[in-house]
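> got a predicted structure plus its sequence, pasted below:
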Amino acid sequence: MIPASPPPARQNDVWQRWAGTPVTALISALSAAFAIWAAWAVLDWAVLSATLPHRPMQACAETDGACWRFYVEKSRFMLFGTYPYAEHWRPALVSLLLLALSGIVGLRITGRLRVIGPRVLVALWILVIPLAFALMGGGWAGLAPVDMSRWNGLPVLLILSVIAIALAFPLGVMLAVLRYQDRWPVLRRAATVYIEAVRGVPMVTVLFVGVFVLPLTLPPDTRISPVLATLIALVFFHASYFAEDVRGGLQSLPDTQAEAAHSLGLNWGQAMRLVLLPQALSRSLPALVNSVIGAYKDTSLVVVLGIHDLTSTARMAFSEPGWGQYALEAYAFVGIWFLLSCAFLSWVGRELHRGQSGRNH
Amino acid sequence: MTIFKTLISLSTSAIAIAVGIAPATAGPVMDDIKAKGSLVCLVSPTAPGFSVPDSKGVFQGFNADFCRMAAAAILGDASKADIRGVGFSDSMKTIVAGEAHMGSRSITRTGTRDADEGLAFVATTFFDGQGFMVPSALGVSHALELDGASVCAEDGSTTLLNIADWFGAKGMSYRVENIADKTARLEAFFSGKCDVYASDVTALSADRQLASAPGDYIILPEIISNEPLTLVARPDQAFEAALFWSFQVMLNADSHGVTSANIDAIVADLGQQSPTVQRMFGADAATTDMAAKLGLPNDWAYQVIKQVGSYGEVFDRHLGTDTPFGLDRAKTPNAHAADGGLMYPFPIR
């Protein structure tokens, strides 16, 4: 008699992992039930009980499901707010540029798109950031000027997250280097004081300083737009967190790296630029991505300053008389946006983690 | 840092508004509006019924319509009003800095604000008073029971000062939750972060509509202040007169039953109308004489009514009994003077 062959190990493994003991079996059953319930609730709300977009608004009042008509009517408003309707291609283009550029950076640091070198990336940023402001603001080449109070929704969210992060990064690297080096003790102390002071203050305080104190330091008859003041405050805020991430990378390098660089005849600047920083940056990438996710999500706090980012335009969309019952639709729109963009960021984080553990083993 | 400098210089040049130095014929602000062909008017970004953007991002509401009134009178086209939503304290600064022509955002006219030379209060479009909204679950029926309550109110507004006076006079204590953004403030109130939401009573009844269950909130009977909500202009005699008299045209139209719907019929049959109506809309009327002196188009009074409507029409369109706010104008201080209200039309002659 040939004994019955054992079941395939793989299946057994899955079964073992999900229901090997009574406790795991119970937890698996509960989470499966919850997942099915949640998926059903979403499906029911978004499709089964929903009022489809071709139905009139009146039909929406009669069901509990999603009112797709709301998205037909309000999507453009939620994305671009009070920006002049006929000029919506400008904020749309700015948003696309900033998203594409962030996407490229994300793919590049996970080891894809190797054809795009770091120099090209830096050049693209230097080009796109002023272009974003010029396109949004207008007033040249026949583009109608648009006041910053009309910069709402997605482009303002991206300007205050993507551009703030892009500008904070070089500043953060500079601060990290200053705090790491010991050639200029005064600068080292200054960088330490700056980083610790900013990190010791909540972001909302920094934002209020940007909007209410920064204008006081300017000549009395100049006014700085809240968007610009917030951008500046965010750059200085994020820079201190990036600085600590990069300093972590620098300190993890063995001393022998610096010694080897010096013995090759490199001076301090060359050693930093060619030997230490490249290694430190690649070591600190996972920490940096972590900070970027935090910084990106915190951007929604700017609403307390009266800046209308995506969350705020979504709320304005259901503030219009007659639209008050569609708050869930509006928040779902914002939620899906943040889910998708944060999913990309954490995918980048996971890829980096995998690459790093692969390298170390 | 060079990226930074280019960024700042680029964006500031993008937002910079060149102030015209054309020879003053009417007044500097009036000339600026005509030279640009648009009138920059500031409103509150989210005040349902008063100013809130529609699906195309265009502000609609009671306050927004007074921006349109000014553009219709001065530029002959209500759509040339560049209506921008700006927070309260920032809007005052923007007008004083000369980056906006006027504000129509429920600003209370007070003595010290009027004494500021950068601001001119023109015409009171809405008489209001400050009150308190509480969740009915709090079990409070009078404001005197609010000792020790936490209050959500707007930073920098007269609301906080009135609360300080009133609670102080009654010897009651309170705590303020200061949140600049209105939607965030309301959310804090609806989620129970503060016990009381303080604002003008009309605003309270509008804001209550934003709750998921408006019936769960009550507005207490006490009214603790007088709030004459007034149009603000950058000082310029001709511009202020144009705003003031455009508003008077809307009040006079209200007393004679002239609306945007029937004005064409009335003008076509002007000989049969009352002398007041003839003086407003006639070809050689008092308003024509004013137009020449103030630098307005000859048919400015007609355009205001045709494109915006009479005062009663604007009130009912945005706040009246057919809207979610359901305000019965006759029961507010904004009723016509003949009905015992405070809206008293000045003679146009």
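Thanks, I have it. Residues are numbered from 1 along each chain as shown, chains lettered A, B, ... in the order given.
> which phi and psi does the residue in the stretch 201-349 of chain B that chain A sits nearest to have?
Relative to chain A, the nearest point of the stretch 201-349 of chain B is B:Pro324 (5.0 Å; CB to the nearest CB). Backbone N, C-alpha and C define where each C-beta goes, glycine included. Summarising the backbone geometry of B:Pro324 under the convention degrees, to the nearest 10, its torsions are phi -60, psi -20.
> same check on A:Thr51?
Per-residue torsions, A:Thr51: phi -100, psi 120 (degrees, to the nearest 10).
> biggest helix in the chain, by residue count?
In the absence of a named chain, this looks at chain A. As far as residue count goes, and with DSSP state H defining each element, the longest helix of chain A is helix A:327-360.
> try again with chain B
Looking only at chain B and at elements set by DSSP H, the helix with the highest residue count is helix B:237-255.
> list the contacts of stretch A:66-80.
Applying CB atoms under 8 Å, 6 or more residues apart in numbering or on different chains, the set of residues contacting stretch A:66-80 from outside is A:45-46, A:49-53, A:55-57, A:59-60, A:85, A:88, A:91-92, A:95, A:152-155, A:310, A:313-314, A:316-318, A:323, A:326, A:328-330, A:332-334, B:53-57.
> quick one: average pLDDT of that stretch?
In this model, stretch A:66-80 carries a mean pLDDT of 91.
> repeat for stretch B:246-253
The average of the pLDDT scores along stretch B:246-253 is 96.
> got a list of contacts for stretch A:263-275?
Residues outside stretch A:263-275 that contact it (CB under 8 Å, 6+ apart) are A:177, A:181, A:183, A:257-258, A:260-262.
> nearest to chain B among these?
For the contacts of stretch A:263-275, the minimum distance to chain B (CB to the nearest CB) is 15.1 Å, reached by A:Val177.
> any low-confidence regions in the chain?
Reading this off chain A. Applying pLDDT under 70 to chain A flags the ranges A:1-12, A:220-221, A:356-361.
> my question was about chain B
In the predicted model of chain B, residues B:1-26 satisfy pLDDT under 70.
> where do the strands of it begin and end?
When secondary structure is read from DSSP state E, chain B shows strands at B:39-43, B:52-53, B:59-60, B:81-85, B:102-108, B:120-128, B:130-135, B:149-153, B:174-178, B:196-200, B:217-219, B:227-233.
> closest to A:Gly65 out of the ones you listed?
For the strands of chain B, the distance to A:Gly65 is smallest for strand B:52-53, at 25.5 Å, taking CB to CB.
> which neighbouring elements make contact with that closest one?
For strand B:52-53, the elements it packs on are strand B:59-60, judged by 3 or more CB pairs under 8 Å, 6 or more residues apart in numbering or on different chains; DSSP states H and E.
> partners of the strand it packs on, with directions?
According to DSSP bridges, the neighbouring strands of strand B:59-60, each with its direction, are strand B:52-53 (antiparallel).
> give me the contact list for the strand it pairs with.
Residues outside strand B:52-53 that contact it (CB under 8 Å, 6+ apart) are A:77, A:81-82, A:316, A:319-321, B:45-46, B:59-61, B:85.
> need the max-distance pair from these.
Checked with CB to CB, the contacts of strand B:52-53 reach their widest spread between A:Gly81 and A:Pro321, with 17.9 Å between them.
> phi, psi of the closest residue to A:Leu113 other than its chain neighbours?
On the basis of CB to CB, 6 or more residues apart in numbering or on different chains, the spatially nearest residue to A:Leu113 that is not a chain neighbour turns out to be A:Leu107, at 4.9 Å. Note on A:Leu107: its backbone torsions stand at phi -70, psi -40 [degrees, to the nearest 10].
> would you confirm that A:Leu107 contacts A:Val115?
No. Taking CB atoms under 8 Å as the definition, A:Leu107 is not a contact partner of A:Val115, at 11.1 Å.
> which of the contacts of stretch A:66-80 count as buried?
Among the contacts of stretch A:66-80, those classed as buried by 16 or more other CB atoms under 10 Å in any protein chain shown are A:45, A:50-51, A:60, A:88, A:91-92, A:95, A:152-155, A:310, A:313-314, A:316-318, A:323, A:326, A:328-330, A:332-334, B:53-55, B:57.
> check contacts around A:Glu320.
When contacts are counted by CB under 8 Å, 6+ apart, A:Glu320 touches B:48, B:52-55, B:60.
> any chance of JSON lines for those, columns distance to B:Asp264?
Supplementary listing: the contacts of A:Glu320 in JSON lines, determined by distance: CB to CB, whole Å:
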{"residue": "B:Pro48", "distance to B:Asp264": "32"}
{"residue": "B:Val52", "distance to B:Asp264": "30"}
{"residue": "B:Pro53", "distance to B:Asp264": "30"}
{"residue": "B:Asp54", "distance to B:Asp264": "26"}
{"residue": "B:Ser55", "distance to B:Asp264": "29"}
{"residue": "B:Gln60", "distance to B:Asp264": "24"}
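> so which pair among those residues is furthest apart in space?
B:Pro48 and B:Ser55 (14.6 Å).
> which residues of the stretch 1-150 of chain B fall in helices?
Defined through DSSP state H, counting those that start in this stretch, the helices belonging to the stretch 1-150 of chain B, from first to last, are B:2-15, B:28-36, B:62-75, B:88-96, B:111-115.
> tell me what the shortest one is packed against?
The elements that helix B:111-115 packs onto, with contact taken as 3+ CB pairs under 8 Å, 6+ apart, are strand B:120-128.
> swap the cut-off to 10 Å and go again
strand B:120-128, strand B:227-233 (3 or more CB pairs under 10 Å, 6 or more residues apart in numbering or on different chains; DSSP states H and E).
> deepest of those, which one?
With neighbours taken as mean count of other CB atoms under 10 Å in any protein chain shown, these reach their highest mean count in strand B:227-233, at a mean of 24.
> distance of the spatially most central residue of chain A relative to A:Leu175?
Centroid-nearest residue in chain A, with CA atoms, centre = their mean: A:Tyr296, separated by 3.2 Å. Distance of A:Tyr296 to A:Leu175, computed by CB to CB, to the nearest Å: 20 Å.
> for the stretch 51-200 of chain B, which residues are neighbours of chain A?
Taking CB under 10 Å from any CB of the partner chain as the criterion, the neighbours of chain A within the stretch 51-200 of chain B are B:52-61, B:82-91, B:93-94, B:96-100, B:178-187.
> surely A:Val303 is in a helix?
Yes. Secondary structure assignment places A:Val303 in a helix (DSSP: H, G, I helix; E, B strand; the rest coil).
> how close does the nearest residue to it once chain neighbours are set aside sit to B:Arg105?
With CB to CB, 6+ apart as the measure, A:Ser312 is the residue that lies nearest to A:Val303, at 4.7 Å, once sequence neighbours are left out. When CB to CB is the yardstick, A:Ser312 and B:Arg105 sit 17 Å from each other.
> and for B:Pro275?
Relative to B:Arg105, and taking CB to CB, B:Pro275 is found at 36 Å.
> can you check B:Ala203 too?
Remark: distance between B:Ala203 and B:Arg105 (CB to CB) = 11 Å.
> where do the contact lists of the two overlap?
Common neighbours of B:Ala203 and B:Arg105, counting by CB atoms under 10 Å, 6 or more residues apart in numbering or on different chains, are B:44, B:47, B:50, B:229.
> tell me the one of the residues you listed nearest B:Leu294?
Comparing those against B:Leu294 with CB to CB places B:Leu229 closest, at 24.4 Å.
> quick one: residues contacting that closest one.
Neighbour list for B:Leu229: B:50, B:62-63, B:104-109, B:124-128, B:200, B:202-203, B:334 [criterion: CB under 10 Å, 6+ apart].
> bridged to it, which residues?
Counting by DSSP bridges, B:Leu229 forms beta bridges with B:Thr108, B:Phe126.
> do I have it right that B:Gly87 meets B:Ala180?
Yes. With contacts counted by CB atoms under 10 Å, B:Gly87 reaches B:Ala180, the gap being 6.3 Å.
> in the stretch 51-200 of chain A, what residue comes closest to chain B?
Checked against chain B (CB to the nearest CB), the nearest residue in the stretch 51-200 of chain A is A:Gly137, 2.6 Å away.
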